[in-house]
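Colleague: Take this sequence and fold it.
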Amino acid sequence: MGDYAEAHHARIRGRELADLRWHWDEAYEISWDGRFRARRLDGTGSPLDAGTAHGLYELIRDDYSEHPRVPRRDER
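Modeller: Sure thing, here's the model as predicted:
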């Protein structure tokens with residue numbers, strides 16, 4: 001992949017991470033290391049992992065639906 005394409009994908013990924021964090025950062029730690037990852041701030045459950053931001057969003061939404069009580073950053 002050329003430099004332009006890599007920079008373009010990095011910008012898109014940055015926007016996707018910002019969007020995920022906007023919605024879920026108070027309850028999940030969200031990162032990217034070649035895959036999109038999230039872990040609950042309360043330490044329960046398994047880490048979540050997806051190849052796309054949308055895939056991770058779906059996993060987080062399902063996880064939160066099953067176990068909605070996650071202490072927020074300001075509650076810890």
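
Colleague: Which positions within stretch 25-35 qualify as buried?
Modeller: D25, A27, Y28, I30 (16 or more other CB atoms under 10 Å). For the C-beta atoms, the positions are set from N, CA and C on the backbone; glycine is no exception.

Colleague: The helix or strand the last one falls within: what's the following helix or strand?
Modeller: Following DSSP states H and E, the helix or strand that holds I30 is strand 28-32. Under the assignment DSSP H and E, the closest C-terminal helix or strand after strand 28-32 is strand 36-40.

Colleague: hmm, which two among the buried residues of stretch 25-35 are most spread apart?
Modeller: The distance between the two most remote of these (CB to CB) is 9.9 Å, for A27 and I30.

Colleague: for the lowest-mean-pLDDT helix or strand in the chain, packing partners?
Modeller: Sorting the helices and strands of the chain by mean pLDDT, DSSP states H and E puts helix 3-24 at the bottom, at a mean of 94. Counting contacts by 3 or more CB pairs under 8 Å, 6 or more residues apart in numbering; DSSP states H and E, helix 3-24 is packed against strand 28-32, strand 36-40, helix 53-66.

Colleague: and if we set it to 7 Å?
Modeller: Identification of packing neighbours for helix 3-24 by 3 or more CB pairs under 7 Å, 6 or more residues apart in numbering; DSSP states H and E yields strand 28-32, helix 53-66.

Colleague: separation between the residue nearest the centre of the chain and I60?
Modeller: In the chain, the centroid-proximal residue (CA atoms, centre = their mean) is I30; its distance is 3.8 Å. In this view, I30 and I60 are 8 Å apart by CB to CB, to the nearest Å.
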